[in-house]
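Q: Return a 3D structure for these sequence lines:
(2 chains)
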2 protein chains.
Amino acid sequence: MEPILNFAQLITHLKTLNHRKRIAVVCANDPNTEYAIGRALEEGFAEFLMIGDSTILENYPILKQYPEHVKIIHIENPDEAAREAVRIVREGGADILMKGIINTDNLLHAILDKEKGLLPKGKILTHLAVMEIPSYHKLLFFSDAAVIPRPTLQQRIEMIWYAICTCRHFGIEQPRIALIHCTEKVSAKFPHSLDYVNIVELAEAGEFGNVIIDGPLDVRTSCEQASGDIKGIASPINGQADVLIFPNIESANTFYKSVSLFAEAEMAGTLQGPICPVVLPSRSDSGLSKYYSIAMACLQVSEDCKCREKVYQEHLS
Amino acid sequence: MEPILNFAQLITHLKTLNHRKRIAVVCANDPNTEYAIGRALEEGFAEFLMIGDSTILENYPILKQYPEHVKIIHIENPDEAAREAVRIVREGGADILMKGIINTDNLLHAILDKEKGLLPKGKILTHLAVMEIPSYHKLLFFSDAAVIPRPTLQQRIEMIWYAICTCRHFGIEQPRIALIHCTEKVSAKFPHSLDYVNIVELAEAGEFGNVIIDGPLDVRTSCEQASGDIKGIASPINGQADVLIFPNIESANTFYKSVSLFAEAEMAGTLQGPICPVVLPSRSDSGLSKYYSIAMACLQVSEDCKCREKVYQEHLS
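A: This is a model prediction of the structure:
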């Protein structure tokens, strides 16, 4: 598989699969969500189970065009709608869960329910996103702009695994993963820079399989070869990062908000950790961004990622 | 004075002042610093005292064109050169201090020397920068991408004062200052968001004079009106921020590196706190960025900012 370099190629790839993924949407009561669902229906890679207030949902003209691919379940109370959507996913009735305009905390509450939720015991919940930046030559994945404020070492390792699996889905054979800091210097003043040393050692020992991991590096040195050259930094990333792992939620969020606003980048993102990808857009995300997030989730469920198991098997053999 | 909206207007304004500021440069041994000095000499708003290895400095052709505005002091040892430059500034022989390719820590060591340095007792040292982003309609100031990892409340208040003074130098009568976080929600999980509540209260009580301060806000809501509208956030910043105060150094650094790389923004920056502005570029900064930093420093010394004293006098009267 050739690497997918932008969102247009992602859509083309999904269309070749010729199979609609089933998405359960909670409270799709806003025009941007409607737009995203409409485009996914038109392009033919998703079908929808709309759980929410049917008096609103039935007014969407686009849904009437695809009666065989849209089902509406009327539940007025958003918390109940969330619980019902989670139940349907658990029982195998949908491949993907998506948030409409329900409050994020309320949907997370249903996802994280220990008895009836979607997060297997011991799994961490984290957000993985990807940007198409007109001034960068490929897609750029990053984590975590939305869920974990200050990841622990173990959480960072899990975040990296999710990023590797998703890169494989996008056809990236050897993902280049940059561990972001303000400088390339390791310092006890910044505990995450010490975590980075551990992670780079694990990567060099083959723990993550066929990947390149380096850090600490700043965003510029990670994504522009000339910056490293000027600073005299010889990094195997070589200014060609596929993934940026940020030190904290504030820096990841700043990255995404700044680049989307000032560099006209488009973003897609899903929650990782639950038994299925969860599309959890922020209220101010564009319709296009919600649509690309649906596409990202559909790619993630299109095939199981076995790269982690593969690395462990190689270790054992 | 009309507000200065971009770096071209800054240069035009400095030329109208018709007065060269005196800049002491430590170890200007790199092409980007040479370029910056050359342009400032040509435009006529600065003259230079070059302290370093004269066998290198004397080779710069541009310097020979302005013999009356360039003086070279030969000191081979960089630490000695830094101490001598600081001594000259203390004794009134220069208005601005600038770093060439000496290691930042070594120059800071001379600046922070308790007996012979440049930082008055009780003052904090912080970095204030400004970006010209092609997709934003005015200059955007931000702090602190370089010095203070996690500012305390008192340090944030000082950072805001430095930003206000510099905005006044740039002709901005009522600076709009956004206190950056990943969301507009205040939470004890994020101590800086609690600091922001304090700061907004101080601002509303008039402590900072004629300014608009609001937060927590994310970068997008601070700089784009439509984002706030979609989220239903009514902020007096109204998507028109002049200044972004970041929660920590990682997020400020991410902002500057991402926007300069992906949105083709140019940056200028100076250290605040010492008795004079200090131009302390990073090694990978472009020649243009070093030139604009010189221009920013020249504007900062062009007139004393009395805005802080003015507010206190108003409080007393």
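
Q: From here on, just use CA atoms for contacts and neighbour counts.
A: Will do.

Q: And the helices in the stretch 151-300 of chain A?
A: A:153-169, A:191-204, A:219-223, A:225-231, A:249-262, A:287-302 (DSSP state H, counting those that start in this stretch).

Q: Excluding chain neighbours, what is closest to A:Gly117?
A: Of all residues not flanking A:Gly117 in the chain, A:Ile111 sits nearest, at 4.5 Å (CA to CA, 6 or more residues apart in numbering or on different chains).

Q: can you count the residues close to the residue of the stretch 1-150 of chain A found nearest chain B?
A: In the stretch 1-150 of chain A, the residue that lies nearest chain B is A:Ser135 (5.7 Å; CA to the nearest CA). A:Ser135 sits with 13 neighbouring residues when counted by other CA atoms under 10 Å in any protein chain shown.

Q: got a list of what it touches?
A: Listed by CA atoms under 8 Å, 6 or more residues apart in numbering or on different chains, the contact set of A:Ser135 reads A:Ala263, B:Phe262, B:Ala263.

Q: which SS state does it fall under?
A: coil (DSSP: H, G, I helix; E, B strand; the rest coil).

Q: what does chain A have sitting close to chain B?
A: Within reach of chain B by CA under 8 Å from any CA of the partner chain, chain A has these residues: A:133, A:135-136, A:181-182, A:218-220, A:224, A:227, A:230-231, A:247-255, A:257-259, A:261-263, A:283-284.

Q: rerun at 6 Å
A: A:135, A:182, A:219-220, A:227, A:230, A:250-251, A:253, A:257, A:262-263, A:284 (CA under 6 Å from any CA of the partner chain).

Q: tell me the SS of the residue lying closest to A:Ala295 once chain neighbours are set aside?
A: Closest residue in space to A:Ala295, ignoring its immediate chain neighbours: A:Ile11 at 6.8 Å, by CA to CA, 6+ apart. Reduced to three states with three-state DSSP, the structure at A:Ile11 is helix.

Q: How about A:Leu128?
A: Following three-state DSSP, A:Leu128 is assigned to strand.

Q: hang on, the earlier thing: mind checking how far the residue of the stretch 1-150 of chain A closest to chain B is from A:Ala8?
A: Distance from A:Ser135 to A:Ala8, counting by CA to CA, to the nearest Å: 16 Å.

Q: tally of neighbours for whichever residue of the stretch 201-317 of chain A sits closest to chain B?
A: Nearest residue of the stretch 201-317 of chain A to chain B (CA to the nearest CA) works out as A:Ser251 at 3.8 Å. Residues near A:Ser251, counting by other CA under 10 Å, number 28.

Q: Who are the contact partners of it?
A: Contact analysis of A:Ser251 by CA atoms under 6 Å, 6 or more residues apart in numbering or on different chains lists B:Glu250, B:Ser251.

Q: same check, this time on A:Ile249
A: Counting by CA under 6 Å, 6+ apart, A:Ile249 makes contact with A:Asp144, A:Ala145, A:Pro149.

Q: just checking, what packs against the helix or strand hosting A:Val25?
A: For A:Val25, the host element (DSSP states H and E) is strand A:21-26. If contacts are counted by 3 or more CA pairs under 6 Å, 6 or more residues apart in numbering or on different chains; DSSP states H and E, strand A:21-26 sits against strand A:46-52, strand A:96-99.

Q: can you list those in CSV and add mean neighbour count and mean pLDDT?
A: Formatted as CSV, those follow (neighbours: other CA atoms under 10 Å in any protein chain shown; pLDDT from 0 to 100):
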stretch, mean neighbour count, mean pLDDT
strand A:46-52, 25, 95
strand A:96-99, 28, 96
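
Q: Tell me, what's the model's pLDDT at A:His315?
A: For A:His315, the model assigns a pLDDT of 69.

Q: typed the wrong thing, it's A:Thr55
A: A:Thr55 is assigned 84 on the pLDDT scale.

Q: What does it show for phi and psi?
A: phi -70, psi -30 (degrees, to the nearest 10).

Q: quick one: low-confidence parts of the stretch 201-317 of chain A?
A: Counting by pLDDT under 70, the ranges of the stretch 201-317 of chain A that qualify are A:315-317.

Q: make it 90
A: Across the stretch 201-317 of chain A, the ranges flagged by pLDDT under 90 are A:225-234, A:282-286, A:302-317.

Q: Please work out how many residues are found near A:Thr221.
A: Neighbours of A:Thr221 (other CA under 10 Å): 29.

Q: returning to what we had before: can you dump the C-alpha atoms of the next helix or strand after the strand holding A:Val25 in PDB for me?
A: For strand A:21-26, the following helix or strand on the C-terminal side (DSSP H and E) is helix A:31-43. C-alpha atoms of helix A:31-43 as PDB (Å, rounded to 0.1, in the frame of the first residue of the first chain):
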ATOM      1  CA  PRO A  31     -25.200  21.800  10.900                       C
ATOM      2  CA  ASN A  32     -21.500  20.800  10.900                       C
ATOM      3  CA  THR A  33     -22.300  17.200  12.000                       C
ATOM      4  CA  GLU A  34     -25.100  17.000   9.500                       C
ATOM      5  CA  TYR A  35     -22.700  18.200   6.800                       C
ATOM      6  CA  ALA A  36     -20.100  15.500   7.800                       C
ATOM      7  CA  ILE A  37     -22.700  12.700   7.800                       C
ATOM      8  CA  GLY A  38     -24.100  13.900   4.500                       C
ATOM      9  CA  ARG A  39     -20.700  13.700   2.800                       C
ATOM     10  CA  ALA A  40     -19.800  10.300   4.200                       C
ATOM     11  CA  LEU A  41     -23.200   9.000   3.000                       C
ATOM     12  CA  GLU A  42     -22.600  10.500  -0.500                       C
ATOM     13  CA  GLU A  43     -19.100   9.100  -0.800                       C
END
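
Q: contacting residues around helix A:31-43?
A: Against helix A:31-43 from outside (CA under 6 Å, 6+ apart): A:Ala46, A:Ile62, A:Gly287, A:Lys290, A:Tyr291.

Q: Recalculate using a threshold of 8 Å.
A: Here helix A:31-43 makes contact (CA under 8 Å, 6+ apart) with A:11, A:15, A:28, A:46-48, A:60, A:62-63, A:66, A:69, A:100, A:285-288, A:290-292, A:294-295.

Q: Tell me how chain A divides into domains.
A: Annotated domains of chain A cover A:1-119+A:274-304, A:124-272 [automatic domain parsing].

Q: between the ones you listed, which gets nearest to B:Lys310?
A: Minimum separation from B:Lys310 across those (CA to CA) falls at domain A:124-272, 34.3 Å.
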